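1. dropping a prediction and its sequence here:
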Amino acid sequence: MPLLEGYTPGPRSATAVNPQIGAAVRIDMGGGTFLSNETSIAAGAANPLHIVAAWNDWRESSTYPVSRLGVGLSLDGGATWTDFILHAPTAHTGNAGDPMTAYDDRTGDLWVGGIAWGSQGGIFVARKRPGEWTFDPPVMAREYYATDKCWMAAGPPPDDPEATRLYITYNEGVIISTDLGATWTDPVSLGEGQGFLPRLGPNGELFVVYWDYSDGVMLRRSFDGGASFDPPILIANRLDVWPGGDGTRFPGLFRVPPFNYLAVDPNDGTLYCVYFDTTSILERDSNVDLYFSKSTDQGTTWSTPVVINGDSDPPGDQFFPWLEVDRNGRLHLLFYDTRHTTQSDGAVHGLIDAYYATSDDEGESWTEYRLTPVPFDSSYALWMGGQFIGDYNGLGVVAKRVLPCYMSTSNGDGDIFMHVIALVGNGDHDDDGDVDLADFAAFQRCFSGLDGGPLPAECDAGDFDADDVIDLTDFAKFKSVLVGPG
């Protein structure tokens with residue numbers, strides 16, 4: 001991207017932006033009052049207005065309880081959505097779900113997929129080509145009757161930045177596509193575990209975080225495009241694990257599997273891991289918090305985990321996080337939280353909020369925003385005679401927008417909601433708390449010295465409408481902030 005001669009962008013992590021949180025938008029409208037849960041959402045910089053989301057959906061349960069893979073597609077940046085059921089290409093009649101999404105900035109492709117369980121099941125994936133309004137017919141990526149929890153990632157392999165490799169990781173291992181999802185390899189084993197989550201580094205490194213069925217927060221890594229993996233690396237030990245579907249550490253009667261979550265800085269390759277664990281037990285009630293650790297040497301060593309969430313007194317529980325890093329190194333986090341209601345772990349009605357948090361200093365400090373105006377009740381998420389709020393939630397980042405996507409029972413049943421959070425500039429380029437002539441000089445450099453492409457981190461403070469362009473609209477806003485209206 002051409003810059004003015006002598007102009008040097010600022011640090012990769014800018015601080016002078018304000019998250020502007022849009023209203024909650026329900027995106028599974030076709031599901032009516034049937035249960036939906038477990039979310040995934042993705043969008044790419046090649047076409048940031050095109051967003052794909054997916055979830056478990058029970059809308060076809062009129063005659064008997066069956067889950068399907070629900071898919072939502074927005075072509076206007078999240079303002080409006082169409083939703084539908086994506087069926088496996090085989091003659092499959094059983095349950096389906098465990099959604100996953102991925103994007104590729106090089107080609108502009110989006111993918112959505114999931115699992116069809118049973119003898120005619122396995123992993124299926126559909127591709128949306130750039131500019132298209134619909135998905136291609138789905139393909140079976142892997143036929144395997146015992147498939148469980150898959151996630152997906154896409155990007156260039158280490159040896160070819162002009163190619164795209166698509167990875168799906170799950171309980172059987174990792175499968176790979178080199179032709180944009182048309183055909184897939186046989187699995188390469190990742191060992192015993194569950195919740196295998198793939199992430200790509202800036203040079204095509206493949207990192208996979210997972211739960212080892214014991215007390216470990218574990219990492220596998222590949223530097224040859226998934227052909228082979230280093231031995232497992234322990235990120236952290238959990239004090240509390242999931243004994244066979246137990247959710248007794250939380251108010252409500254739902255299950256809470258101990259998945260682990262990873263994100264990679266696209267600039268310098270810093271790895272960030274978030275997981276939840278019991279911090280203390282007060283009068284038989286567990287205090288579950290979010291723990292955070294990072295690695296600056298490609299996962300070889302990790303910082304001592306620290307609690308990063310706010311809380312109440314007595315403390316609530318925080319769980320089901322999803323972590324992303326944007327192109328300027330900011331961290332974005334979605335999670336569930338029970339801090340706003342004093343309730344015991346034995347309560348039938350788990351009262352839960354969705355929260356968004358962000359950090360612009362590599363996780364040293366966080367700012368939290370409550371997404372749900374009032375807590376929702378877990379007892380409305382009825383499933384098989386009990387409660388099921390899902391096993392995870394999802395969040396995406398694209399350009400200067402953050403896309404949290406989660407299940408809430410605010411309408412009296414489990415529905416899927418998302419927000420568009422715009423990272424709006426505030427004019428404070430030097431982050432000293434004041435907007436003055438020094439900031440205006442920086443704004444002028446950004447205004448006159450950039451020619452297309454995404455803005456560097458230094459210019460974020462001047463992008464008052466978060467549209468990735470510094471123009472006369474931003475100039476008028478900067479003037480009003482600097483000298484007042486008029």
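-> In hand now; what should we look at? Numbers count the residues shown, from 1 in each chain.
2. residues touching Gly77, list them.
-> Applying CB atoms under 8 Å, 6 or more residues apart in numbering to Gly77 gives the contacts Pro48, Leu49, Ile51, Arg401, Val420. Just so you know, the C-beta spots here come from the backbone N, C-alpha and C atoms, and that holds for glycine as well.
3. per-residue confidence at the fourth one?
-> The one in question is Arg401. According to the per-residue confidence, Arg401 scores 97 in pLDDT.
4. same check on the third one?
-> Model confidence at Ile51, expressed as pLDDT, equals 98.
5. which strand residues bridge Leu323?
-> With DSSP bridges applied, Leu323 shows beta-bridge pairing to Leu333.
6. tally of neighbours for it?
-> 24 (other CB atoms under 10 Å).
7. any idea how far it is from Ser40?
-> Distance check for Leu323 against Ser40: by CB to CB, to the nearest Å, it reads 14 Å.
8. the contacts of Gly77, buried ones only, as a PyMOL selection?
-> With 16 or more other CB atoms under 10 Å as the burial test, the buried ones among the contacts of Gly77 are selected in PyMOL as follows:
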select buried, resi 48+51+401+420
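9. what's the offset of stretch 149-156 from the middle of its chain?
-> 12 Å (CA atoms, centre = their mean, to the nearest Å).
10. let's test this: mean pLDDT of that stretch, rounded?
-> Per-residue scores along stretch 149-156 average to 97.
11. cool, stretch 106-125 as well?
-> pLDDT averaged over stretch 106-125 gives 94.
12. return the member of the contacts of Gly77 nearest to Gln343.
-> Proximity to Gln343 was ranked across those by CB to CB; first place goes to Val420, at 31.0 Å.
13. check what pLDDT that closest one gets.
-> On pLDDT, Val420 comes in at 98.
14. what's the answer for Asp451, then?
-> Looking at Asp451, its pLDDT stands at 63.
15. next one: the one 4 residues further on
-> Per-residue confidence for Leu455 comes out at a pLDDT of 81.
16. pLDDT weak spots in this structure?
-> For the chain, the stretches flagged by pLDDT under 70 are 1-16, 243-245, 449-452, 485-486.
17. which stretches in it count as helices?
-> For the chain, applying DSSP state H gives helices covering 437-449, 472-483.
18. let's see the shortest one as PDB, backbone CA atoms only.
-> Translated: helix 472-483. These are the backbone C-alpha positions of helix 472-483, laid out as PDB (Å, rounded to 0.1, in the frame of the first residue of the first chain):
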ATOM      1  CA  LEU A 472     -14.100  14.100   4.100                       C
ATOM      2  CA  THR A 473     -16.700  12.500   6.400                       C
ATOM      3  CA  ASP A 474     -13.900  11.700   8.900                       C
ATOM      4  CA  PHE A 475     -12.400  15.200   8.300                       C
ATOM      5  CA  ALA A 476     -15.700  16.900   9.400                       C
ATOM      6  CA  LYS A 477     -16.000  14.700  12.400                       C
ATOM      7  CA  PHE A 478     -12.300  15.400  13.400                       C
ATOM      8  CA  LYS A 479     -13.000  19.100  13.100                       C
ATOM      9  CA  SER A 480     -16.000  18.900  15.400                       C
ATOM     10  CA  VAL A 481     -14.000  17.000  18.000                       C
ATOM     11  CA  LEU A 482     -11.000  19.300  17.800                       C
ATOM     12  CA  VAL A 483     -12.700  22.700  17.700                       C
END
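19. now for it, which elements pack on it?
-> Other elements packing on helix 472-483 under the criterion 3 or more CB pairs under 8 Å, 6 or more residues apart in numbering; DSSP states H and E are helix 437-449.
20. pull the distance from the helix it packs on to the chain's centre.
-> Relative to the centre of its chain, helix 437-449 is centred 33 Å away, using CA atoms, centre = their mean.
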